[in-house]
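Chemist: Pasting a predicted model and its sequence here:
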Amino acid sequence: VLAGYPVGPNDEEYVLVNNKCQCVTVTSKFVPSKENPDEEVLQRNIRILVPLKARENISDPLSPLRTTFVYRLSELCKNCEPIEIELGGAIHQAQQGNSCEEPQTCYTYDRNECYSSPVPLLYYGEEKQVPAALTPASCFTE
């Protein structure tokens, strides 16, 4: 069971998953049943954006283009945000999902993450590799 939040103030559609890393949004809302208009049924909508010219390694602009995209709803829906719970009078951190240690495959830039790629820089006649920010808004504090 997934908790959701409304899309808009008067909208009854709830966002269950908004994965910016894999470009997937899952929403749900109650709609009138086609068989019985007096009843409502839960309708789920899965929106997947496949990024054009996505690279196998998004931090390497020279890596080959990605041709395979894999989406597993169970992985998209896992909640790895830690929460605080009280046990025996003490506060403990608990993880809400399992297999959270496995890195997530990103098909595009997650705007909350900082991505960089080494670029050659000529410095006093010597070429040095320095990291250049691919997502500057996420890499630099205001």
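Modeler: Perfect, I can see it now.

Chemist: Show me the beta-bridge partners of Asn18.
Modeler: Using DSSP bridges, the bridge partners assigned to Asn18 are Thr25.

Chemist: wait, Glu86
Modeler: Ile91.

Chemist: Could you check the pLDDT of it?
Modeler: Here, the pLDDT recorded for Glu86 equals 80.

Chemist: now do Thr141
Modeler: 68.

Chemist: Gly125 too?
Modeler: 89.

Chemist: In a strand, Thr27, correct?
Modeler: Yes. Per DSSP: H, G, I helix; E, B strand; the rest coil, Thr27 lies within a strand segment.

Chemist: Ile48 and Ser59: what is the separation?
Modeler: From Ile48 across to Ser59, the span is 22 Å (CB to CB, to the nearest Å). To be clear about C-beta, it is placed using only N, CA and C from the backbone, and glycine gets the same treatment.

Chemist: what's the closest non-adjacent residue to the residue most central in space within the chain?
Modeler: Among the residues of the chain, Asn19 comes closest to the average C-alpha position under CA atoms, centre = their mean, at 2.8 Å. Once flanking residues are discounted, Asn19 sits nearest to Leu76: 5.3 Å by CB to CB, 6 or more residues apart in numbering.

Chemist: Please apply the same query to Pro120.
Modeler: Distances taken as CB to CB, 6+ apart place Glu127 nearest to Pro120, at 5.1 Å, with adjacent residues excluded.

Chemist: which SS class is the one you found?
Modeler: Secondary structure for Glu127, judged by three-state DSSP, is strand.

Chemist: I'd guessed it sits against Leu121; true?
Modeler: Yes. Counting by CB atoms under 8 Å, Glu127 touches Leu121, with 7.1 Å between them.

Chemist: neighbour-wise, which of those two wins?
Modeler: Shown here are Glu127 and Leu121; by other CB atoms under 10 Å, Leu121 has more neighbours (11 against 8).

Chemist: Can you list phi and psi of the more buried one for me?
Modeler: Leu121 adopts backbone torsions of phi -130, psi 130, taken as degrees, to the nearest 10.

Chemist: now it, nearest residue through space, not along the chain?
Modeler: Nearest one to Leu121, counting by CB to CB, 6+ apart, is Val130 at 4.9 Å.
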